[in-house]
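Engineer: would you be able to build a 3D model of this:
(chains A and B)
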2 protein chains.
Amino acid sequence: MEQDSNQQRPLFIGIDGGGSKCRAAIYDADNRKLGEGIAGRANPLFGVEQTFSAIHQATEKALVDSNLPLDMQKSLIAGVGIAGVNVPALFDKVAQWRHPFSEMYLTTDLHIACAGAHLGGNGAVIITGTGSCGFAQVDERQLTLGGYGFALGDKGSGGWYGLKAAEYVLLSLDGFKPHTQLTEKLLHHYSVDNALGIVENLAGKPSSNFAELAAYVFICAKNQDKAAIEILKEGANYISDLARKLLAIRTTRFSIIGGLAEPLLPWLDDDIANQVQPALASPEVGAIYFAQQQMQKKLVG
Amino acid sequence: MEQDSNQQRPLFIGIDGGGSKCRAAIYDADNRKLGEGIAGRANPLFGVEQTFSAIHQATEKALVDSNLPLDMQKSLIAGVGIAGVNVPALFDKVAQWRHPFSEMYLTTDLHIACAGAHLGGNGAVIITGTGSCGFAQVDERQLTLGGYGFALGDKGSGGWYGLKAAEYVLLSLDGFKPHTQLTEKLLHHYSVDNALGIVENLAGKPSSNFAELAAYVFICAKNQDKAAIEILKEGANYISDLARKLLAIRTTRFSIIGGLAEPLLPWLDDDIANQVQPALASPEVGAIYFAQQQMQKKLVG
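Structural biologist: Below you'll find the predicted structure:
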């Protein structure tokens, strides 16, 4: 009976496309979760076709998980937040996609993360997982900082920490820096005994391969490894500065999300760490809030 | 008449394959240059097929330039120095190539640069162009330092300087660092007015695109731009340290080659700058010395 009424009212899909994964979640019109799906990287900076294919896969998995037929995707209302579409040319490319949904509302992964964290309300978020970025929304005003991608930007992210760790270890193996625990950890991680062994594993690899190494920076720093502490502080100081700039526009709530949110917390400046509040919902749910808000605007406007 | 006698004695081709270009030069058995050719990137880290195709193209151009028929390549003795083949897996891949020459002697681009600079004798070289690396040879002993590629290593190279400049400028545009002349230069270079404009031009691009920006670091440093001076010094200090390590193995001659060799010289520590001697021949000629030495070893051994 409930299933029947759901099928008449619109279903929503929230999609969070990022540098390492694409997540989709299907919700009914009463905001009850029906199912979810995960696929690979959906970052149009590295190819729009790969992005579309990841969205397709995540959507199909979410439909299966929701016990819905695959052809149902054409009646889904999609909120889509994607990395990289803050670049106008990429926004246009993705917006022009002949998408499989009944409607698609597109914005950045940051925007949906913020909308999720603060249940569609005003607030600021820092995302630090494979990449890093800051976003704040106060009514119609948006502020985006950082998020320029690996290896140009993304300070304080997993990819950045992994790159800094690898750079340090390669310099230490050439004798330019002291050999520390971090050197041992990286050699052991790849089961190699020299610099070229590390290079073979990392050369030309995407940021997700570097982000795998970030954990060693945190582990070694905890063990008082000086090299790791220096790297960790440089990234954490950037995240604190980023938070300070976002909070300067007087947002009401502030969250840090992504894989490094928890481990970074003790390394942030106290004035920042004290203002961190939990994210209230996922970016996928944020994407659905975004879609619903846009639909409402269309109705009102 | 001379042409006829050349055709009976072996002809040599020296090939220098690097991150941005592949150069080939054909010499006769009396070490007289017949012609040369240039093609695109030949770095097997980014694909062996592209590397082989660049070698093919450079060879054909060199044959044309030498007024030799194209099918002559099968009688050429090739000395080939290629970036990245210090990685054993890549060395094997390239060594197993069904190459078009009568014989092929393979080594690193560093080795042939050193052999060229010192006319096949002992010595040390630092190459700093798009990438950076150090190499020294004393009889059978070789020392290779750095050269781990963009963006993992290659400190003090064009790619590295360009990356550091872009990183700085993006941070300055977000308000995390002072806006300096370097910021203006990069915005102007791409005819854009914001950070995303720069990112659109650099995201996912190879090191050669970053190396284009290195000149601005030198120009701005000359104009007393503090950000540029700091970046310039960090790279130059690494190059000085690299030289010090190479010279510690008591090589007889020391040269710095590549596009940044000249501009970096005034920024190196005096004890290093004073020891720099000119490179006596090109890496392509070094590749031919290498091939000839290997042939002699075969004869002797």
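Engineer: next structured bit after the one helix or strand A:Leu264 maps to?
Structural biologist: Secondary structure assignment for A:Leu264, by DSSP states H and E: helix A:261-264. Along the chain past helix A:261-264, the next helix or strand (assigned with DSSP H and E) turns out to be helix A:270-273.
Engineer: any chance of the backbone angles for A:Tyr238?
Structural biologist: In this entry, A:Tyr238 is assigned phi and psi values of phi -60, psi -40 (degrees, to the nearest 10).
Engineer: report the closest residue of the stretch 151-300 of chain A relative to chain B.
Structural biologist: A:Ala151 (4.0 Å; Cβ to the nearest Cβ). Where you see a C-beta, it was placed from the backbone N, CA and C, and this is true even at glycine.
Engineer: who's in contact with that residue?
Structural biologist: With contacts defined as Cβ atoms under 8 Å, 6 or more residues apart in numbering or on different chains, the neighbours of A:Ala151 are A:Gly159, A:Trp160, A:Leu163, A:Ser207, B:Ala151, B:Leu163.
Engineer: please redo it, this time with the cut-off set to 6 Å
Structural biologist: The contact partners of A:Ala151, taken as Cβ atoms under 6 Å, 6 or more residues apart in numbering or on different chains, are A:Leu163, B:Ala151.
Engineer: please report how far it lies from A:Asp30.
Structural biologist: In this structure, A:Ala151 lies at 44 Å from A:Asp30, with Cβ to Cβ, to the nearest Å as the measure.
Engineer: circling back: tell me the pLDDT at the residue of the stretch 151-300 of chain A closest to chain B?
Structural biologist: The per-residue pLDDT reported for A:Ala151 equals 91.
Engineer: do the one 4 residues further on as well
Structural biologist: The score at A:Lys155 is 97. That number is its pLDDT.
Engineer: what kind of secondary structure is A:Leu106 in?
Structural biologist: State at A:Leu106, reduced to three classes by DSSP: H, G, I helix; E, B strand; the rest coil: strand.
Engineer: how much space separates it from chain B?
Structural biologist: The spacing between A:Leu106 and chain B, counted by Cβ to the nearest Cβ, to the nearest Å, is 17 Å.
Engineer: does that residue touch A:Gly79 like I think?
Structural biologist: No. The pair A:Leu106 and A:Gly79 fails to qualify as a contact (Cβ atoms under 6 Å) at a distance of 8.5 Å.
Engineer: how is chain A divided into domains?
Structural biologist: Taking automatic domain parsing as the reference, chain A has its domains at A:2-119+A:280-300, A:158-273.
Engineer: sorry, back to before: tell me the secondary structure for the residue of the stretch 151-300 of chain A closest to chain B?
Structural biologist: coil.
Engineer: A:Ala58 now?
Structural biologist: For A:Ala58, the reduced secondary structure class is helix; criterion used: three-state DSSP.
Engineer: and stretch A:271-286, average pLDDT?
Structural biologist: In the prediction, stretch A:271-286 has an average pLDDT of 96.
Engineer: again with stretch A:204-219
Structural biologist: In this model, stretch A:204-219 carries a mean pLDDT of 95.
Engineer: can you check stretch A:118-133 too?
Structural biologist: Within the predicted structure, the mean pLDDT of stretch A:118-133 is 93.
Engineer: now do that stretch: distance to the chain's middle.
Structural biologist: The chain centroid and the centroid of stretch A:118-133 are separated by 8 Å, computed with Cα atoms, centre = their mean, to the nearest Å.
Engineer: any part of that stretch near chain B?
Structural biologist: No. When contact is scored as Cβ under 6 Å from any Cβ of the partner chain, no part of stretch A:118-133 falls within range of chain B; the minimum is 10.6 Å.
Engineer: ok, residues contacting that stretch?
Structural biologist: The set of residues that contact stretch A:118-133 without belonging to it, under Cβ under 6 Å, 6+ apart, is A:19-20, A:110, A:113-114, A:117, A:134-138, A:146-147, A:154, A:156-159, A:207-208, A:211, A:242-243, A:246, A:251-260, A:280, A:289.
Engineer: how about A:Val125, secondary structure?
Structural biologist: For A:Val125, the reduced secondary structure class is strand; criterion used: three-state DSSP.
Engineer: secondary structure element for the nearest residue to it once chain neighbours are set aside?
Structural biologist: Using Cβ to Cβ, 6 or more residues apart in numbering or on different chains and skipping the chain neighbours, the partner closest in space to A:Val125 is A:Cys114 (4.5 Å). When secondary structure is defined by DSSP H and E, A:Cys114 falls within helix A:109-117.
Engineer: elements contacting that helix?
Structural biologist: strand A:76-82, strand A:123-128, strand A:132-138, helix A:283-300 (3 or more Cβ pairs under 6 Å, 6 or more residues apart in numbering or on different chains; DSSP states H and E).
Engineer: buried residues in the third one, which are they?
Structural biologist: Residues of strand A:132-138 classed as buried under the neighbour-count rule (16 or more other Cβ atoms under 10 Å in any protein chain shown) are A:Ser132, A:Cys133, A:Gly134, A:Phe135, A:Ala136, A:Gln137.
Engineer: need the contact list for the last one.
Structural biologist: For A:Gln137, the contacting residues are A:Cys114, A:Asn122, by Cβ under 6 Å, 6+ apart.
Engineer: model confidence for it, exactly?
Structural biologist: Here, the pLDDT recorded for A:Gln137 equals 93.
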